[in-house]
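Engineer: build me a model from this:
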Amino acid sequence: MRKILIVVFAIAFLAACQSNTKKAESKKNETTQVVDYETMEFTVTGMTCTGCENTIKNGLKQIDGVVEVEASHTNNKVSIKVEKDKVNRDEIAQQIESIGYNVEK
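Structural biologist: Predicted structure coming up:
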């Protein structure tokens, strides 16, 4: 009976070791992707309050690749941090205009 328990524990131990080894190997194979960012600046008219700023921020954050948005109704400026080569200026400008604001070109 004692020998059977020792064999069972040995098998369980070996199975656990192999499982952890496979997890470690899969972590080694994961690659880290480097993302390049770009900041775009726009002059936007029609914003009159912080509610307008939030409308623009929320509208732009829906675009895949937009990381961060800052808007100022007092300066008529919108600054957008995006993943480079994933979002272009025209796409941002069209989104701002579709929300109801004007982008100066």
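
Engineer: what does the pLDDT read for residue 87?
Structural biologist: Residue 87 carries a pLDDT value of 94.

Engineer: no, scratch that, I was asking about residue 59
Structural biologist: 97.

Engineer: what does residue 81 give?
Structural biologist: Note for residue 81: predicted pLDDT of 98.

Engineer: and it, what are its bridge partners?
Structural biologist: Judged by DSSP bridges, the bridge partners of residue 81 are residue 39, residue 68.

Engineer: I'd say it and residue 63 touch.
Structural biologist: No - using CB atoms under 8 Å, residue 81 makes no contact with residue 63, being 11.9 Å away. For glycine as for every other residue, the C-beta is placed from the backbone atoms N, C-alpha and C.

Engineer: and residue 69, what does it touch?
Structural biologist: For residue 69, the contacting residues are 56, 57, 60, 61, 78, 79, 80, 81, by CB atoms under 8 Å, 6 or more residues apart in numbering.

Engineer: try 7 Å
Structural biologist: The contact partners of residue 69, taken as CB atoms under 7 Å, 6 or more residues apart in numbering, are 57, 60, 61, 78, 80.

Engineer: tell me the SS of the second one?
Structural biologist: Looking back up the chat, that one is residue 60. Applying DSSP: H, G, I helix; E, B strand; the rest coil to residue 60 yields a three-state assignment of helix.
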